[in-house]
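Undergrad: got a predicted model here, sequence first, then my questions.
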Amino acid sequence: MGDMQKKIVILGAGYGGLSTAVMLQRKMKLREAEVILVNKDSYHHITTWLHELAAGTSPTDKCMVDLESVLEPEKVKLLKAEVESIDLGQKEVYLSGGQRLSYDYLVVALGSEIESFGIPGVKEHTYVIRNLKTALAIRDQVERMFRRCKLDNYRPERLHFVICGSGFTGVEFAGELADRIDELCKEYQIDRDKVVITNVEASPTVLSGFDPELSEYAKAVLEKKGVVIKTSTPVKACTSDGVILHDQEECRSSTVVWTAGVRGHSITKRIKHETVRGRLKVDEYLRPPDHDDVFVIGDSSIIYGKKEGPYPPTAQMAVQQGAACAHNLLALLRNKPLQAFEPRIKGTLVSIGKKVAAGNVYGLKLYGSKASFVKKVVDYHYLYRIGGLKLVLDKLKGGERQGEKNSLLDH
Ligand code: FAD
Ligand code: NAD
């Protein structure tokens, strides 16, 4: 079989790429194909919990999965490397350090990047929630501001935390940060009234486009937690002193977090086809036109519903696409017909701090602790899919921040 063995290369071990790899390893016969999973880190980050890490309400270890612990090396090889570019003509991927990797079938699952909309100062002056390192940078900055206010005098901008964008990421982070601030005030003996969290949103509502009742509820919960919400207020610029709002008002802050949206990964641009906000348009089999051997899944690609317009980039979508992609890769290996991808959107839940959430599941609206419980079930169900009961128990045990190890983060 040796020479005949096809080589499948998967770029990115996020929700889409790891789901593809795990599904292949489960369904593929031994040596049916060579599968290589390329990721820049040796771990998978649980993005749906990164806002908790950023706020300091969850430990680092809880938000990462050691890739070797969920992969079977005889079926999926892990290659820790950074993808630099893709040559579809030559069927090659270029990795950092000059390494090249050829493929028969390619899965591009590199996720997304921050959308700055060309607003000045976003790249230079804001914190973002993208991966473990950027989330940890926020946690450290928040704690540093409290420490400095205790040690060398209080300054209002040090305890003013500005979150730009009240989409799902902005709301989830604001809720979590508000919970954490209460703890930090006690720890550093700082008056709670001195701390301000401002969430600035361009559109007239928080969670724009979401069910209006649920978005009103989310706003009310955040306000009850003390978050100042400014809707219909686009940020015009970010500076070293804070943000400038559309009416030239200056919001002075030492910590500005940019949660105003995402765009497809810049490497996806090299596949020269139509993109929408950097996300590559793909067909019903999740392939760019004219490239039958390439799949682009997750946040890097865009698909449209029959009526609803484009689907938003979510983990739910990336996981379903990963499973569909694995199915079709096996079909290609076995000369079977491909199956068109049909998303099954079960609902959307947004957390607003540790114990509260809001959303709809199978058409049913959920609020408060009930919604929060269901969100946790959904998050753990994903972990069960990639790492079985062992991973679920491991994460349930590792809920506290004390005694962090972070050994993987250093390698
Ligand atoms: P990712 O999961 O981002 O994976 C991309 C992978 O590619 C990463 O492992 C990355 O390290 C790797 N990579 C990137 N560039 C390179 C490179 N050049 N070389 C090598 N490797 C590279 N969605 C939901 O459905 N439910 C939620 O509750 C939810 N909560 C969220 C909370 C937060 C705070 C955020 C930020 C997002 C949340 N999302 C949620 C959205 C969800 O996380 C994304 O839609 C999902 O991660 C997309 O999966 P993906 O596989 O496309 O990309
Ligand atoms: P988003 O695009 O959903 O929201 C960004 C928000 O920022 C929008 O409301 C937009 O109006 C606002 N904005 C844009 N420019 C602005 C400006 N200049 N000033 C002020 N506000 C501005 O982006 P996101 O929240 O990062 O989410 C990205 C994707 O991840 C979405 O598809 C989302 O559904 C998904 N996600 C899902 C969950 C969940 O299901 N619980 C959680 C987080 C993220």
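TA: All right, it came through fine. Ligands and ions are numbered 1, 2, ... in the order given.

Undergrad: only C-alpha atoms from now on, for both contacts and neighbour counts.
TA: Noted.

Undergrad: residue contacts, the closest residue to ligand 1 within the stretch 301-411 of the chain?
TA: In the stretch 301-411 of the chain, no residue comes nearer to ligand 1 than residue 314, which is 3.1 Å away by CA to the nearest ligand atom. By CA atoms under 8 Å, 6 or more residues apart in numbering, the residues touching residue 314 are 298-299.

Undergrad: quick one, phi psi at it?
TA: The phi/psi pair for residue 314 (degrees, to the nearest 10) reads phi -130, psi 160.

Undergrad: could you measure it against residue 111, distance?
TA: Residue 314 sits 10 Å away from residue 111, going by CA to CA, to the nearest Å.

Undergrad: identify each buried residue in the longest helix seen in the chain, please.
TA: Scanning the chain for the longest helix, with DSSP state H as the assignment, gives helix 368-397. Buried residues in helix 368-397, counted by 16 or more other CA atoms under 10 Å: 368, 371-375, 379-380, 382-383, 386-387, 391-392, 395.

Undergrad: which strands and helices sit next to that helix?
TA: Helix 368-397 sits against helix 15-27, helix 67-70, strand 347-351, strand 357-361, with contacts defined as 3 or more CA pairs under 8 Å, 6 or more residues apart in numbering; DSSP states H and E.

Undergrad: the last one packs against which elements?
TA: Yep, that's strand 357-361 we're talking about. Applying 3+ CA pairs under 8 Å, 6+ apart, one finds that strand 357-361 contacts helix 212-224, strand 347-351, strand 364-367, helix 368-397.

Undergrad: still on that earlier bit, common neighbours of residue 314 and residue 111, please.
TA: Contact with both residue 314 and residue 111 is made by residues 298-299, according to CA under 8 Å, 6+ apart.

Undergrad: so which helix or strand takes in residue 197?
TA: Assessed by DSSP states H and E, residue 197 sits inside strand 196-200.

Undergrad: what angle sits between that strand and helix 212-224?
TA: Orientation check (axes from the mean of the first three to the mean of the last three CA atoms, to 10 degrees): strand 196-200 against helix 212-224 gives 150 degrees.

Undergrad: does strand 196-200 reach ligand 2?
TA: Yes. For strand 196-200, a contact with ligand 2 is found by CA under 6 Å from any ligand atom, at residue 200.

Undergrad: how about residues contacting that strand?
TA: 159-166, 170, 174, 178, 226-231, 233-235.

Undergrad: same question for stretch 211-223.
TA: With CA under 8 Å, 6+ apart as the criterion, stretch 211-223 contacts 171, 174-175, 205-208, 228-229, 352, 357-359, 365, 367.

Undergrad: at 7 Å instead, please
TA: With CA atoms under 7 Å, 6 or more residues apart in numbering as the test, stretch 211-223 has contacts from 175, 206-207, 352, 358-359.

Undergrad: farthest-apart pair in the residues you listed, please.
TA: 175 and 359 (14.8 Å; CA to CA).

Undergrad: give me the more crowded residue out of the two.
TA: The neighbour count for residue 175 versus residue 359, taken as other CA atoms under 10 Å, is higher for residue 175 (29 against 26).

Undergrad: next one: that one, what pLDDT does it get?
TA: If you check residue 175, the pLDDT there is 98.

Undergrad: next one: residue 400
TA: For residue 400, pLDDT reads 50.

Undergrad: ranges for the helices of the stretch 51-200 of the chain?
TA: In the stretch 51-200 of the chain, the helices defined using DSSP state H, counting those that start in this stretch lie at 67-70, 122-125, 132-151, 168-188.

Undergrad: any idea which of the ones you listed is most buried?
TA: Greatest average neighbour count among the helices of the stretch 51-200 of the chain goes to helix 168-188 (a mean of 21), per mean count of other CA atoms under 10 Å.

Undergrad: now residue 134: closest residue in space that isn't a chain neighbour?
TA: Spatial nearest neighbour of residue 134, excluding adjacent residues (CA to CA, 6 or more residues apart in numbering): residue 128 at 6.1 Å.

Undergrad: wait, the one you found sits on residue 260?
TA: No. Counting by CA atoms under 7 Å, residue 128 stays clear of residue 260, with 9.6 Å between them.

Undergrad: how far does stretch 239-250 stretch from start to finish?
TA: OK, stretch 239-250 end separation, CA to CA: 10 Å.

Undergrad: now do stretch 199-212
TA: 18 Å.

Undergrad: show me what counts as buried in that stretch.
TA: Going by neighbour count (16+ other CA under 10 Å), the buried part of stretch 199-212 is 199-203, 205-207, 210.

Undergrad: which residues of the protein lie near ligand 2?
TA: Contacts of the chain with ligand 2, taken as CA under 6 Å from any ligand atom, map to 164-170, 200-203, 207-208, 234-236, 259-262, 312-314, 348-350.
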